[in-house]
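Chemist: one predicted model, sequence on top.
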There are 2 protein chains.
Amino acid sequence: MATLTHPTSQTHLFTKLSLKPKKFTSPSRIRMALQENAPSLAVVGVTGAVGQEFLSVLSDRDFPYRSIKMLASKRSAGKQLTFQDRNYTIEELTEDSFDGVDIALFSAGGSISKHFGPVAVEKGSVVVDNSSAFRMEEGIPLVIPEVNPEAMEGIKVGTGKGALIANPNCSTIICLMAATPLHKHAKVIRMVVSTYQAASGAGAAAMEELELQTREVMEGKPPTCNIFKQQYAFNLFSHNAPILSNGYNEEEMKLVKETRKIWNDMNVKVTATCIRVPVMRAHAESVNLQFEKPIDEHTAKDILKSAPGVVVIDDRASNHFPTPLEVSNKDDVAVGRIRRDVSQDGYKGLDIFVCGDQIRKGAALNAIQIAEMLL
Amino acid sequence: MATLTHPTSQTHLFTKLSLKPKKFTSPSRIRMALQENAPSLAVVGVTGAVGQEFLSVLSDRDFPYRSIKMLASKRSAGKQLTFQDRNYTIEELTEDSFDGVDIALFSAGGSISKHFGPVAVEKGSVVVDNSSAFRMEEGIPLVIPEVNPEAMEGIKVGTGKGALIANPNCSTIICLMAATPLHKHAKVIRMVVSTYQAASGAGAAAMEELELQTREVMEGKPPTCNIFKQQYAFNLFSHNAPILSNGYNEEEMKLVKETRKIWNDMNVKVTATCIRVPVMRAHAESVNLQFEKPIDEHTAKDILKSAPGVVVIDDRASNHFPTPLEVSNKDDVAVGRIRRDVSQDGYKGLDIFVCGDQIRKGAALNAIQIAEMLL
């Protein structure tokens, strides 16, 4: 992990159009992955940070497929890409891209999803969309496999009947991975979230800008501000998402609204303050929970220790708790600082601190776990 | 400010034993500062980050004095220091250091304060202590001049009667500078705080380690971990203060307890999660407020705009809100993201985001404002 926590190598992982050697799979694994009766895949936005991670996760998990289309914008079309020892030519995304595609993994921004998602569904593909385009749309499942798999019941591949499944926002996924097991035990009635969000949430270019700015600032030069309008190195700022009429930014309201939809509980009260911090690829979140029923910190720890996709890092003696670096390139969401909230009476409040890889569980991994449930 | 936001120059500000040229005062200001009938001062821990800032603030504010003793550990004794165009020899702190000292500014850690604070008081000095040694002690005023000046009523200098006044913890000062004006209007009943704390809170050596680690990580080298036991560059972690039996760390409980003492309200409920972020010298805090009486966001903004020592930076249209960089080396605490909390019914909840210079208002400036009230 040491090298992966080095911003340069992290950045390269997303700027080079080939996966890092360690990601290559052995011939035997390729035989496992390539199967005639397996679904045909398409990756939309394959050159982006999440698109690259889609490939990494497909490979790591031996996701079976009989063919895979690498789709991107006209700008990238024609470029070569190596995946599982095979060379692919990146194709331009068009309305014809989805003929014979069983599963289409989208991560190319909301406008691309809005336009091409329905096109793919029309062609009979099951779309797993990482954008916010359809998340809150009535009838579109918004799924975290460990949390609400039931929401996508009945959706199958290869039936000729297309469908669209939305991948929640990264902050929502990471928060709810830890909050849901506690919610199922004692019912969360209110949640106050403050985020510490990494550069990766704004894409590979933002990660590169953080690295570039850091070099510039260390050399006493003014920082280059292309992706963000202000200095990011050795600084932090309110999330760059647009501010809505209620004073919240869009990122914050995603946490509020997506939580209600995923928990299927329109009454759960959520507030969030989303902040961008100079970290490369993993988010952290400070979460204050108010419960309907009592829950003590020992019960909470036991529940979280047995929760799927969650690892508890909570060593008070050695002051060891989750950090973004420790979860970078990891599948599990880490939770720690699990303690009774002294500002609430009885045992109806907890404070927790959660870290998760924004690109992996926050995006690509969650989407591919959804695809796995379709098989 | 551009150069001050450069970590190298920031670090040098605290590693060199002379203040930056811009801090030198003109001869006229020196005449103003040096007065025969002005108090004699002592700065305890003058070589530290806060000790250096004491001198910077004394100079910036033309604090009047007839003499000033530069005190530090045996290690620094004998070194030369330039202040307001005069050369001083740093003296070793001993029990005799306080003879004839009217005001002693302490920032040399809790154990030094515990031992030498009472010694100075015995000699008739008024001690303004930046450590946590006496903050929660019955009868010792814990003061933020803009918030609870009444707590130090009756304490005077030059009466031969010594006294001790405690400077609150940096996170508490920065939080309460923004929360108190709202508290006075609508009464805060509960506060949920998540902090984004700078390296400076751990001293000049921590700032240097953050800079060193950043260089090392950018060069692909393993980071040097002397002050902190883990990588700080491009990472964040739970505050390094010891964890108490209730699962909170000491930094968090300072926010809980000091708020009660400063507001003289044993019923106010506070919870905090304190996190160290890779920023040099200014803290940020996400604060969720529950009020007894209704307060809307417009009223809150107006109240904060007219609050002493507070500046409102809340431009939703251009997404401009407080950042640590913007408040670095500034006196005022900046507050923004002022909005009605959608997770609370009616108008009894607000979310705000606060930034303040940890070394200045979080420590040195607040202490010297206390000293100014003694004159």
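Modeler: It's in. Residues are numbered from 1 along each chain as shown, chains lettered A, B, ... in the order given.

Chemist: how close does A:Val121 sit to A:Leu164?
Modeler: Distance of A:Val121 to A:Leu164, given as Cβ to Cβ, to the nearest Å: 5 Å. Backbone N, C-alpha and C define where each C-beta goes, glycine included.

Chemist: overlap in contacts, those two.
Modeler: Shared contacts of A:Val121 and A:Leu164, defined by Cβ atoms under 8 Å, 6 or more residues apart in numbering or on different chains, are found at A:Val127.

Chemist: SS state for the spatially closest residue to A:Met266 that is not a sequence neighbour?
Modeler: Distance criterion Cβ to Cβ, 6 or more residues apart in numbering or on different chains; nearest residue to A:Met266, sequence neighbours excluded, is A:Arg260 at 5.4 Å. With DSSP: H, G, I helix; E, B strand; the rest coil as the basis, A:Arg260 sits in helix.

Chemist: identify the residues contacting A:Arg260.
Modeler: A:Met266, A:Val268, A:Val270.

Chemist: list the contacts of A:Ala198.
Modeler: Residues near A:Ala198 by Cβ under 8 Å, 6+ apart: A:Val277, A:Val279, A:Met280, A:Arg281, A:Ala282, A:His283, A:Pro324, A:Gln358.

Chemist: tell me where chain A has helices.
Modeler: Secondary structure of chain A (DSSP state H): helices located at A:7-15, A:27-33, A:49-60, A:110-122, A:170-186, A:204-218, A:250-263, A:297-305, A:324-327, A:365-374.

Chemist: output the last one as CSV - backbone C-alpha positions only.
Modeler: Looking back up the chat, that one is helix A:365-374. The C-alpha trace of helix A:365-374 is given here as CSV (Å, rounded to 0.1, in the frame of the first residue of the first chain):
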residue,chain,number,x,y,z
LEU,A,365,-16.7,-1.3,-6.4
ASN,A,366,-20.2,-0.6,-5.4
ALA,A,367,-21.3,-0.5,-9.1
ILE,A,368,-19.7,-3.8,-9.8
GLN,A,369,-21.1,-5.4,-6.7
ILE,A,370,-24.5,-4.3,-8.1
ALA,A,371,-23.6,-5.9,-11.5
GLU,A,372,-22.5,-9.1,-9.6
MET,A,373,-26.0,-9.4,-8.1
LEU,A,374,-27.4,-9.4,-11.7
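
Chemist: listing request: residues of chain A with sub-threshold pLDDT.
Modeler: Across chain A, residues meeting the criterion (pLDDT under 70) sit at A:1-34.

Chemist: tell me the domain boundaries of it?
Modeler: Listed by the TED database, the domain ranges of chain A are A:40-167+A:364-374, A:171-357.

Chemist: any part of the first one near chain B?
Modeler: The one in question is domain A:40-167+A:364-374. No: between domain A:40-167+A:364-374 and chain B, judged by Cβ under 8 Å from any Cβ of the partner chain, nothing touches; the nearest distance is 15.5 Å.

Chemist: who wins for proximity to B:Glu209 among the domains of chain A?
Modeler: Evaluated over the domains of chain A, closeness to B:Glu209 peaks at domain A:171-357, with 13.4 Å, by Cβ to Cβ.

Chemist: and that closest one, end to end?
Modeler: Using Cα to Cα, to the nearest Å, the end-to-end distance of domain A:171-357 comes to 10 Å.

Chemist: residues near the residue in the stretch 101-250 of chain A that chain B sits nearest to, how many?
Modeler: Relative to chain B, the nearest point of the stretch 101-250 of chain A is A:Gly247 (2.9 Å; Cβ to the nearest Cβ). For A:Gly247, the neighbour count with other Cβ atoms under 10 Å in any protein chain shown is 18.

Chemist: do the same with A:Asp315
Modeler: Applying other Cβ under 10 Å, we find 11 residues neighbouring A:Asp315.

Chemist: does it touch A:Pro322 like I think?
Modeler: No: if you go by Cβ atoms under 8 Å, A:Asp315 and A:Pro322 don't touch, sitting 10.7 Å apart.

Chemist: leaving aside the residues next to it on the chain, what's closest to whichever residue of the stretch 251-375 of chain A sits closest to chain B?
Modeler: Closest residue of the stretch 251-375 of chain A to chain B, Cβ to the nearest Cβ: A:Arg339 (2.9 Å). Nearest in space to A:Arg339, with sequence neighbours left out and distances taken as Cβ to Cβ, 6+ apart, is B:Gly247 at 2.9 Å.

Chemist: quick one: the one you found and A:Arg337 touch, right?
Modeler: Yes: in this structure, B:Gly247 is within contact of A:Arg337 by Cβ under 8 Å, at 7.3 Å.

Chemist: distance between the ends of stretch A:352-370?
Modeler: Stretch A:352-370 end-to-end distance (Cα to Cα) = 27 Å.

Chemist: with distance to A:Phe228 added, can I get the helices of chain A in CSV?
Modeler: Output for the helices of chain A, formatted as CSV (distance: least, Cβ to Cβ, whole Å):
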stretch, distance to A:Phe228
helix A:7-15, 16
helix A:27-33, 38
helix A:49-60, 16
helix A:110-122, 19
helix A:170-186, 17
helix A:204-218, 7
helix A:250-263, 14
helix A:297-305, 34
helix A:324-327, 18
helix A:365-374, 25
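
Chemist: wait, which of those helices is closest to B:Glu211?
Modeler: Between B:Glu211 and the helices of chain A, the tightest spacing by Cβ to Cβ is seen for helix A:204-218, at 7.5 Å.

Chemist: any residue of the closest one up close to chain B?
Modeler: Yes: Helix A:204-218 comes into contact with chain B (Cβ under 8 Å from any Cβ), by way of A:Leu210, A:Glu211, A:Thr214, A:Arg215, A:Val217, A:Met218.

Chemist: and those residues, which is closest to B:Leu105?
Modeler: Proximity of those to B:Leu105 (Cβ to Cβ) peaks at A:Val217, which lies at 31.9 Å.

Chemist: against A:Gln231, how distant is the closest one?
Modeler: A:Val217 is 7 Å from A:Gln231, by Cβ to Cβ.

Chemist: how about A:Pro222?
Modeler: With Cβ to Cβ as the criterion, A:Pro222 and A:Gln231 are 9 Å apart.

Chemist: out of these two, which sits in the busier spot?
Modeler: Using other Cβ under 10 Å as the criterion, A:Pro222 and A:Gln231 rank with A:Gln231 on top: 21 against 12.

Chemist: count the residues that sit near A:Glu292.
Modeler: Neighbours of A:Glu292 under the rule other Cβ under 10 Å: 12.

Chemist: check A:Glu150 too.
Modeler: The burial count assigned to A:Glu150 is 10, neighbours taken as other Cβ under 10 Å.
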